[in-house]
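In: here you go, sequence then predicted model.
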Amino acid sequence: MADDFAHAANELLADYRAGTWRPDAQEQTAVEHLAVGPLELLRVRRALLMTGMSGRLADVLAAADALLDTPQLAAGDAGAAALKELTELLAALAADEAGAGVEPTVRAIEVAGTVWFFMTSGSRLPLVCRTCGARTGGVLTARHEDATYECAEGHLTRDPRLTAAELRQAIRTTAPRLARIDGDFYISVDLR
């Protein structure tokens with residue numbers, strides 16, 4: 001089981017590097033979710049459920065799920081080698097080694113400071129929770145074509161000045177490998 005899983009992960013990585021396979025947006029979403037920490041059973045299951053994906057990467061992740069669900073198998077040499085292959089595959093995809101440029105369908109970042117809009121007019125404005133007026137702390141999420149801000153109190157705000165594409169661009173240029181920013185976060189937006 002572990003050897004087949006390792007082989008499948010290795011083969012997928014080789015095809016990705018050769019340019020014969022590219023992740024789609026749902027698969028890239030799972031990659032972004034899994035590449036920020038250690039592989040754990042619940043994180044793998046959540047990635048599969050959250051994306052509802054199918055295909056070669058889903059098959060590899062399903063095999064990882066089965067392996068991680070059997071701790072003694074995962075702890076053995078073959079299991080550790082298989083998980084190492086998957087970790088290498090996820091790292092290559094997250095770093096966009098092959099330059100595929102596939103954007104995940106969901107991208108989120110937690111911001112401890114203030115989210116600032118830099119308008120094309122040159123002005124700078126803070127993103128403010130429309131329920132409680134909070135200006136610091138919260139989570140920005142780009143989900144498909146929707147961009148939202150959830151303040152530290154849990155209120156959800158959609159600001160018409162912010163698009164999912166602009167948020168993804170800001171994350172990609174400012175914090176591509178981070179899930180959290182400890183200071184302020186800056187987003188360039190077109191004046192609308």
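Out: Yes, it's here.
In: residues making contact with the worst-scoring helix or strand of the chain on mean pLDDT?
Out: Every helix and strand of the chain was ranked by mean pLDDT, DSSP states H and E. The lowest is helix 41-51, at a mean of 78. With Cβ atoms under 8 Å, 6 or more residues apart in numbering as the test, helix 41-51 has contacts from 26-27, 29-30, 33-34, 37, 58, 61-62, 64-65, 68-69, 105-106. Backbone N, C-alpha and C define where each C-beta goes, glycine included.
In: if we go to 10 Å?
Out: Outside helix 41-51, the residues that touch it by Cβ atoms under 10 Å, 6 or more residues apart in numbering are 24-34, 36-37, 40, 53-54, 57-58, 61-71, 74, 86, 90, 104-106.
In: among those, which are in strands?
Out: Among the contacts of helix 41-51, DSSP state E puts residue 106 in strands.
In: of the contacts of helix 41-51, buried ones?
Out: Using 16 or more other Cβ atoms under 10 Å as the burial test, these include 26-34, 53, 57-58, 61, 63-64, 66-68, 74, 86, 90, 104-106 as buried.
In: can you name the residues that contact residue 9?
Out: Counted by Cβ under 10 Å, 6+ apart, residue 9 has contacts 56-57, 59-61, 63-64, 81-90.
In: those residues in helices, which ones?
Out: 56-57, 59-61, 63-64, 81-90 (DSSP state H).
In: can you give me the pLDDT of the most centrally placed residue in the chain?
Out: What sits nearest the mean C-alpha location of the chain, by Cα atoms, centre = their mean, is residue 32, with 2.7 Å. Here, the pLDDT recorded for residue 32 equals 77.
In: was I right to think it contacts residue 106?
Out: Yes. The pair residue 32 / residue 106 is scored as a contact, 7.7 Å apart, by Cβ atoms under 10 Å.
In: quick one: low-confidence parts of the protein?
Out: Within the chain, the stretches with pLDDT under 70 are 36, 50, 177, 191-192.
In: could you chop it up by domain?
Out: 2-94, 106-189 (automatic domain parsing).
In: tell me which of those domains is the most buried.
Out: domain 2-94 (a mean of 17; mean count of other Cβ atoms under 10 Å).
In: now do the same end-to-end measure for that one.
Out: End-to-end distance of domain 2-94 (Cα to Cα, to the nearest Å): 23 Å.
In: before we move on, what about stretch 173-183?
Out: 16 Å.
In: contacts for that stretch, please.
Out: Residues contacting stretch 173-183 (Cβ under 10 Å, 6+ apart): 32-33, 35-37, 94-96, 107-115, 139-140, 171, 185-188.
In: quick one: which of those residues sit in strands?
Out: Per DSSP E, those map to strands at 107-115, 139-140, 185-188.
In: so residue 149 touches residue 117, yeah?
Out: No. Counting by Cβ under 10 Å, residue 149 does not reach residue 117; the two are 11.1 Å apart.
In: shared neighbours, those two?
Out: With Cβ under 10 Å, 6+ apart, residue 149 and residue 117 have common neighbours 127, 159, 162.
In: for the spatially most distant residue from the centre of the chain, grab phi and psi.
Out: Here the chain reaches farthest from its C-alpha mean at residue 121, the gap being 31.2 Å by Cα atoms, centre = their mean. Per-residue torsions, residue 121: phi -80, psi -10 (degrees, to the nearest 10).
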